[in-house]
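[1] the sequence and its predicted three-dimensional model are supplied below.
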Amino acid sequence: MSTIAHAAHSSHRHIIGGDEVYQEEIVHSATLRGLLAGGRILIGWTFLWPFLDKLFGFGFATPSERAWINGGTPAQGFLNNTTGPFDGFFHAIATPFADWLFMAGLLGIGVAMMLGAGVKLAAWTGTLLLFFMYLAEFPLGQPDTFVAVNPITDSHWIEAALLLICAYTLSGDTFGLGKWWAKIVGNGWLR
């Protein structure tokens, strides 16, 4: 069989979100689906854990006395301590509303990614949250912040990339509620 004929034979035609997408058989690999689902669950836990730690103050990043349930301010402390070109903006939005929005974001993104339902919406809101966190710490490696290995990119970029990869590879369909969720909301932005 010629290479072109083999490529045509091994491709499958799928319709995702109204767009025709051609995928090679490797996309249907159980190993790849498992890795994508594992990445989705891992990044979901990356958002859910700080929610729990900031809510209850387990003592990892948040001591008990600064827990949200003990009157702590999970977003305000971070926002008020930013230094850099965007500190005026972040100091201005450091309000109790920012605490609620930040905690709701961590919880919603974490739960959606771990369950595999609403992954696309969670990925984009998570990317937006990571972008703001990146700007709050920009430029990286400031004397008042952590020492950056790379002065431009950091883990926020990697986490955002993983969120978006999970969203657009239907990772919620494996070890998750993605297929069930798609029957309810369709394949649009809420998927």
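    Nice, thanks for sending it over.

[2] going forward, measure contacts and count neighbours with C-alpha atoms only.
    Noted.

[3] in whichever strand or helix holds residue 180, what's buried?
    Secondary structure assignment for residue 180, by DSSP states H and E: helix 178-185. Across helix 178-185, burial judged by 16 or more other C-alpha atoms under 10 Å covers 178, 179, 181, 182.

[4] how about those residues in a markdown table, adding distance to residue 159 and pLDDT?
    Listed next are the buried residues of helix 178-185 as a markdown table, based on distance: C-alpha to C-alpha, whole Å; pLDDT from 0 to 100:
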| residue | distance to residue 159 | pLDDT |
| --- | --- | --- |
| 178 | 20 | 93 |
| 179 | 24 | 94 |
| 181 | 23 | 93 |
| 182 | 24 | 93 |
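
[5] backbone dihedrals for the closest residue to residue 121 other than its chain neighbours, both of them.
    Among residues not flanking residue 121 along the chain, residue 190 sits closest, at 5.5 Å (C-alpha to C-alpha, 6 or more residues apart in numbering). Here is the backbone geometry of residue 190 (degrees, to the nearest 10): phi -80, psi -10.

[6] what's the burial count for residue 190?
    Residue 190: 15 surrounding residues under other C-alpha atoms under 10 Å.

[7] my guess is it contacts residue 125. True?
    No - at 11.4 Å, residue 190 does not count as touching residue 125 under the criterion of C-alpha atoms under 8 Å.

[8] neighbours of residue 157, how many?
    The burial count for residue 157: 15, using other C-alpha under 10 Å.

[9] can you tell me which residues contact it?
    residue 130 (C-alpha atoms under 8 Å, 6 or more residues apart in numbering).

[10] next one: it from residue 63, what distance?
    According to C-alpha to C-alpha, to the nearest Å, residue 157 and residue 63 sit 27 Å apart.

[11] any regions of this protein where pLDDT drops low?
    1-28, 140-149, 151 (pLDDT under 70).

[12] which residues of it fall in strands?
    Taking DSSP state E as the criterion, the chain carries its strands at 12-16, 19-23.

[13] what about residue 36, distance to residue 121?
    Residue 36 is 17 Å from residue 121, by C-alpha to C-alpha.

[14] if we can go back for a sec, wait, what's in contact with the residue nearest to residue 121?
    118, 119, 120, 121.

[15] out of these, which sit inside helices?
    Assigned to helices by DSSP state H, the following of the contacts of residue 190 qualify: 119, 120, 121.

[16] ChimeraX command for the buried members of those?
    To isolate the buried members of the ones in helices among the contacts of residue 190 in ChimeraX, using 16+ other C-alpha under 10 Å:
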select :119,120,121
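
[17] which of the ones in helices among the contacts of residue 190 sits closest to residue 94?
    residue 121 (24.7 Å; C-alpha to C-alpha).

[18] in contact with the closest one, which residues?
    189, 190, 191.

[19] any idea how far it is from residue 191?
    On the measure of C-alpha to C-alpha, residue 121 and residue 191 end up 7 Å apart.
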